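1. Structure for this input, please:
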Amino acid sequence: MPKMFKAKVRKVGTSLGVLIPREVAEREKIREGEEVDVGLLKARKVDEVQKLFGSARRAKPFVRNREDRLDRY
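-> I've put the predicted structure just below:
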């Protein structure tokens with residue numbers, strides 16, 4: 001799975017661009033002129049997603065107690 005990293009959007013001519021950090025480019029073996037797929041997620045959206053999954057990280061596994069059902073039959 002691709003790693004996420006933070007980058008600032010910069011003006012490049014009349015467009016906007018994002019620089020790929022050297023460490024990421026070396027690790028992923030990205031070369032100049034190579035095509036890459038880019039996904040965008042604004043920083044505030046990342047925080048919202050992490051809040052949703054952050055609470056589940058510490059959750060205990062669910063164990064169903066079926067003993068109370070035995071009295072019904």
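2. Low-confidence stretches in the protein?
-> Applying pLDDT under 70 to the chain flags the ranges 1-2, 43, 45-47, 49-62, 64-73.
3. which stretches of it form helices?
-> Secondary structure of the chain (DSSP state H): helices at 22-28, 43-57, 67-70.
4. gap between F5 and G33?
-> According to CB to CB, to the nearest Å, F5 stands 21 Å off from G33. (Glycine included, C-beta is placed from N, CA and C.)
5. between those two, which one's more packed in?
-> F5 (10 against 5; other CB atoms under 10 Å).
6. Residues in a beta bridge with V18, which ones?
-> V18 forms beta bridges with V9, as assigned by DSSP bridges.
7. gap between it and V63?
-> To V63, V18 is 45 Å away according to CB to CB.
8. The two: who's more crowded?
-> Taking other CB under 10 Å, V18 and V63 do not tie; V18 has more neighbours (13 against 5).
9. OK, contacts around that one?
-> A7, K8, V9, R10, V38 (CB atoms under 8 Å, 6 or more residues apart in numbering).
10. show me the residues around the fourth one that make contact.
-> If I follow you right, that is R10. Residues in contact with R10 (CB under 8 Å, 6+ apart) are L16, G17, V18, L19.
11. Closest one of these to K42?
-> For the contacts of R10, the minimum distance to K42 (CB to CB) is 12.4 Å, reached by V18.
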